[in-house]
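Visitor: The sequence and its predicted three-dimensional model are supplied below.
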Amino acid sequence: MNEATLYLTSLAQALAKMSLYSDGHPARARAANASFARLRALQQEDPRPTFSFLGREVIYAQRTLRDLADWDWAQRLSGAGVQRLEFQEAVDPDSYHAFLEQLLTRIALASGPKERPHPISPDRSESAIRFGAVGVRGGGGAGGEAEGLEDEPEDRERFDLSEEADVVSWMHDEVVAAHHLPLAEAEAVIGSLAQAMHGSSRALIPLLSLKEFDQYTTTHALNVSVLAMGLSERLGLSSREVRGYGIAGLLHDLGKVKIPKEVLNKPGVLTDEEFQVMRSHTVEGARLILRADKHLDLSAVVAFEHHIMIDGGRYPVQCTRRDCHHASKLVHVCDVFDALRTHRPYRVAWEIPAILAYIERRMDTEFDPDIATAFVAMIRESEVRLARAQCIDEEPLVPTGEPVAQ
Ligand SMILES: [Fe+2]
Ligand SMILES: [Fe+2]
């Protein structure tokens, strides 16, 4: 077992033991000391260890800890608002004990009424141990918490993707502030979205609705990813390809982190100059992705090509006409659908039937006909399922033993 796994196991053991004994009992101090010793051992090889907890997954040093797959404590910690845990080099026993006490309080509170997790403080020098919700480098604003994001009201409990939205928002901030794309976290989000898609017996597509318009980039990334995975699965692609398309959907607009906020969130139609700036998100996105990981070439291609129509129109302008990658054409239709269904400062949201009619009208010029036909069918089926689900929810329960009226 590696040192990171040994440390997290000791952390869970310490928390479990401490919750059994009252304040001042020597067993509490012993448990805390044992865990502190494990932390110091880990810091011999990694002076500033950082962990992310998402669902039942633990991410450490850019990868999922396999030894702790399906680890119950990952869920407990993230459920208590501890999605991210960062240690500086200078951790002393007293601050470590205090940290464990705070964790215990958080975990105890989490079993009571729900409150929003506190974000990690943006001040890195503040403490040797930092923990909280992922995200909020610099606090608040467009890259901030996922407050305001809400899942579809018709299926609220089933699709609570606020944790994933937090991670995507934090990911965008990391790219800007640390020039680093946290790939393991992105992959964990994809795994979590795949679970949300398959977790419902009604097989609905878990899309988020936008409440605050400056959170569009985060909401949109998640929705395009979900749609791309649903559509590629429907088209019979392998599970590996489905995840690859999901990552590409998640990262397709990553280049927007380079666009000034006043252009990105402008409450009106862009000028020609501003539109030129906005267009650069395709090239910037491809660059950022390739710089982060050369193996993400599919995502880079999609980031570059996702605004190109099948007749070669839109941008970036191609010097020589060539067919775009299948994934780019697929993400294009998902992208247009999610953009049109969302209310923007310069136009109202379109109704779903109007968007589907638009897509059908533009097959052969904008959208690949096979991909667009499958997409329209997927959304229509999902809409029918949703309507049925709403009818079932509204039906009064029939007492057992009584015949159902015909
Ligand atoms: Fe885009
Ligand atoms: Fe987009």
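Guide: Happy to help now that I have it. Ligands and ions are numbered 1, 2, ... in the order given.

Visitor: For the rest of this, base every contact and every neighbour count on C-alpha atoms.
Guide: OK.

Visitor: Quick check: the nearest residue to residue 93 once chain neighbours are set aside vs residue 43, distance?
Guide: Using C-alpha to C-alpha, 6 or more residues apart in numbering and skipping the chain neighbours, the partner closest in space to residue 93 is residue 36 (6.7 Å). Distance of residue 36 to residue 43, computed by C-alpha to C-alpha, to the nearest Å: 10 Å.

Visitor: do residue 179 as well
Guide: 24 Å.

Visitor: which of these two has more neighbours?
Guide: The residue with more neighbours, out of residue 179 and residue 43, is residue 43; 20 against 13, by other C-alpha atoms under 10 Å.

Visitor: Tell me which residues are up against the helix or strand hosting the more buried one.
Guide: Assigned by DSSP states H and E, residue 43 belongs to helix 26-45. With contact meaning C-alpha atoms under 8 Å, 6 or more residues apart in numbering, helix 26-45 is reached by 3-4, 6-7, 10-11, 13-15, 17-18, 21-22, 49, 89, 93, 96-97, 100.

Visitor: Just the buried residues of it, please?
Guide: By neighbour count on 16 or more other C-alpha atoms under 10 Å, the buried set for helix 26-45 is 27-29, 31-33, 35-36, 38-43.

Visitor: Tell me which helix or strand comes right after it.
Guide: Toward the C-terminus from helix 26-45 - assigned by DSSP H and E - lies strand 50-54.

Visitor: From the contact counts, what lies against that next one?
Guide: strand 57-60, helix 72-79, strand 84-87, helix 183-198 (3 or more C-alpha pairs under 8 Å, 6 or more residues apart in numbering; DSSP states H and E).

Visitor: So for that strand, what gets flagged as buried?
Guide: Under the neighbour-count criterion of 16+ other C-alpha under 10 Å, strand 50-54 has 50, 51, 52, 53, 54 buried.

Visitor: What's the separation between the second one and residue 375?
Guide: Pointing back at residue 51 there. 38 Å.

Visitor: and if you look at residue 318?
Guide: For residue 318, the distance to residue 375 equals 26 Å [C-alpha to C-alpha].

Visitor: neighbour-wise, which of these two wins?
Guide: residue 375 (26 against 12).

Visitor: who's in contact with residue 284?
Guide: Contacts for residue 284 (C-alpha under 8 Å, 6+ apart) come out as 254, 255, 256, 258.

Visitor: The first one - nearest residue in space that isn't next to it in sequence?
Guide: Across the structure, with C-alpha to C-alpha, 6+ apart as the measure, the residue nearest residue 254 apart from its sequence neighbours is residue 285 (5.0 Å).

Visitor: and the strand or helix carrying residue 331, what does it pack onto?
Guide: Using DSSP H and E, residue 331 sits within helix 326-340. Counting contacts by 3+ C-alpha pairs under 8 Å, 6+ apart, helix 326-340 packs against helix 216-234, helix 239-251, helix 297-305, helix 352-361, helix 369-394.

Visitor: can you list the ones you listed in a markdown table and add mean pLDDT?
Guide: Converted to a markdown table, the helices and strands packed on helix 326-340 look like this (pLDDT from 0 to 100):
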| stretch | mean pLDDT |
| --- | --- |
| helix 216-234 | 92 |
| helix 239-251 | 94 |
| helix 297-305 | 94 |
| helix 352-361 | 96 |
| helix 369-394 | 82 |
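
Visitor: how about TSV for those helices, with distance to residue 60 added?
Guide: Below are the helices and strands packed on helix 326-340 laid out as TSV (distance: least, C-alpha to C-alpha, whole Å):
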stretch	distance to residue 60
helix 216-234	23
helix 239-251	19
helix 297-305	23
helix 352-361	41
helix 369-394	37
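
Visitor: ok, and for stretch 65-73, which residues are buried?
Guide: Per 16+ other C-alpha under 10 Å, stretch 65-73 contains these buried residues: 65, 68, 71, 73.

Visitor: Is it possible to get TSV of these that adds distance to residue 380 and pLDDT?
Guide: Output for these, formatted as TSV (distance: C-alpha to C-alpha, whole Å; pLDDT from 0 to 100):
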residue	distance to residue 380	pLDDT
65	39	86
68	40	85
71	38	81
73	40	85
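
Visitor: What is the nearest of those to residue 221?
Guide: Using C-alpha to C-alpha, residue 65 comes nearest to residue 221 of the buried residues of stretch 65-73, at 25.4 Å.

Visitor: which residues sit in contact with that closest one?
Guide: 5, 57, 58, 59 are the contacts of residue 65 under C-alpha under 8 Å, 6+ apart.

Visitor: Select, from those residues, the two members most distant in space.
Guide: 5 and 57 (12.2 Å).

Visitor: More neighbours: these two, which one.
Guide: Between residue 5 and residue 57, counting by other C-alpha under 10 Å, residue 57 is the more crowded of the two (24 against 18).

Visitor: Please parse the chain into its domains.
Guide: 1-133, 143-406 (automatic domain parsing).

Visitor: gap between residue 276 and residue 346?
Guide: From residue 276 to residue 346 the distance is 18 Å (C-alpha to C-alpha).

Visitor: May I have the residues that are in contact with residue 251?
Guide: 221, 285, 299, 303.

Visitor: let's see it at 6 Å
Guide: The contact partners of residue 251, by C-alpha atoms under 6 Å, 6 or more residues apart in numbering, come to none.

Visitor: Distance-wise, check it relative to residue 189.
Guide: 12 Å.

Visitor: Over to residue 355?
Guide: From residue 355 to residue 189 the distance is 27 Å (C-alpha to C-alpha).

Visitor: ditto for residue 12
Guide: From residue 12 across to residue 189, the span is 24 Å (C-alpha to C-alpha).

Visitor: Give me the more crowded residue out of the two.
Guide: For residue 12 versus residue 189, neighbours defined as other C-alpha under 10 Å are more numerous around residue 189 (25 against 19).

Visitor: any idea which helix or strand carries the residue nearest to that one when sequence neighbours are not counted?
Guide: Distance criterion C-alpha to C-alpha, 6+ apart; nearest residue to residue 189, sequence neighbours excluded, is residue 164 at 5.8 Å. Taking DSSP H and E as the criterion, residue 164 maps to helix 162-178.

Visitor: Any idea which residue is closest to the centre of this protein?
Guide: For the chain, residue 164 is the residue whose C-alpha lies nearest the centre (C-alpha atoms, centre = their mean; 3.3 Å).

Visitor: For the residue nearest to residue 189, report the pLDDT, please.
Guide: The model reports residue 164 with a pLDDT of 83.
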